[in-house]
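Asks: Quick one: sequence plus predicted model below, questions after.
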Amino acid sequence: MRRLNAYKSALAAALERAGGVLRRHAGRARVSLKGRANLLTQADIESQEAILSIIQQSFPDHDYLAEEKAARRTGSQYVWVVDPLDGTTNYAHDYPAYCVSIALLYRGAPIAAGVYDPSRDEAFLAEEGRGARLNGRPIRVTAVPRLKNSLLVTGFAYDRAERSRYYIEFYRDFMTRCHDVRRSGSAALDLAWIAAGRADAFWEFNLSPWDVAAGLLLVGEAGGRVSDFSGKPWQGLPAFGRQTLASNGLLHKEMLKVIQDHI
């Protein structure tokens, strides 16, 4: 218990410090390109440095996997998975849908995780076996039982220009079966909102582990389900996010049927 409390304290401190970095740079981001639609800002770098400094000072024997820096792989059973700014394109355009996402994995499974939205000052936190919370209040997924009554969220991978017709097939089929579909531009925030009951389900291709590791625990601890597009749990950290379906659990089977019609 003492060790878990130390992890939680470090997690909370890292989220808060990184959120402060994002607030400080908001509205004046300096942008460079990693790819045609893949942006990088100085805030990404400074946020990541703030997070990793806390992790490395507190747990120097732990490994980490972070978006903007080479991974530390020593064989530790503990791995911190870090996205210092999820929703960088939104951030660069001063569109307020972005967050910090951090998860601690033990033997490949998340045991503590957090997503912090500095625009709304909302901290989504989860511990293995202890539920999920938003600013200290317990949260749960929705109880919507059918796709026809649902609000869905999605995103499009960085290869969307090359595979736009394929991705739009999924969007079209879901759009005609639900109340509506939203796209925030931040997968980590989408998953946190599924956990908080603000939407009912989410799907996306070709995400990275740092996009989804925190959301995996948040959704699960809030009573939902996360799987790949065959309905199976992710097997190993490299598989995290390649195919992502997150739901309140009740919609999972119906969502899988729609997806599998196209795969």
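Replies: Looks like it came in fine.

Asks: Just the mean pLDDT for stretch 10-20, thanks.
Replies: For stretch 10-20, mean pLDDT rounds to 98.

Asks: who touches that stretch?
Replies: 47-48, 50-51, 54-55, 58-59, 84, 100, 102, 104, 112-116, 118, 123, 125 (C-beta atoms under 8 Å, 6 or more residues apart in numbering). (C-beta placed from N, C-alpha, C; glycine too.)

Asks: Spell out for me the ChimeraX command that would select the buried members of those residues.
Replies: Buried members of the contacts of stretch 10-20 can be picked out in ChimeraX with the line below, counting by 16 or more other C-beta atoms under 10 Å:
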select :47,48,50,51,54,55,59,84,100,102,104,112,113,114,115,116,118,123,125
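
Asks: Let's see which of the contacts of stretch 10-20 end up in strands.
Replies: Pro84, Val100, Ile102, Leu104, Ala112, Ala113, Gly114, Val115, Tyr116, Ala123, Leu125 (DSSP state E).

Asks: how about CSV for those residues, with pLDDT and distance to Gly215 added?
Replies: Compiled in CSV, the ones in strands among the contacts of stretch 10-20 are given as follows (pLDDT from 0 to 100; distance: C-beta to C-beta, whole Å):
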residue, pLDDT, distance to Gly215
Pro84, 96, 16
Val100, 98, 13
Ile102, 98, 11
Leu104, 98, 14
Ala112, 98, 13
Ala113, 98, 8
Gly114, 98, 10
Val115, 98, 7
Tyr116, 98, 13
Ala123, 98, 14
Leu125, 98, 12
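
Asks: and which of the residues you listed is nearest to Ala161?
Replies: Nearest to Ala161 out of those is Pro84 (C-beta to C-beta; 25.5 Å).

Asks: distance of the closest one from Ala71?
Replies: Relative to Ala71, Pro84 is positioned 14 Å away (C-beta to C-beta, to the nearest Å).

Asks: Now do the helices in this structure.
Replies: Applying DSSP state H to the chain gives helices spanning 2-25, 42-58, 88-92, 164-175, 187-195, 209-221, 252-260.
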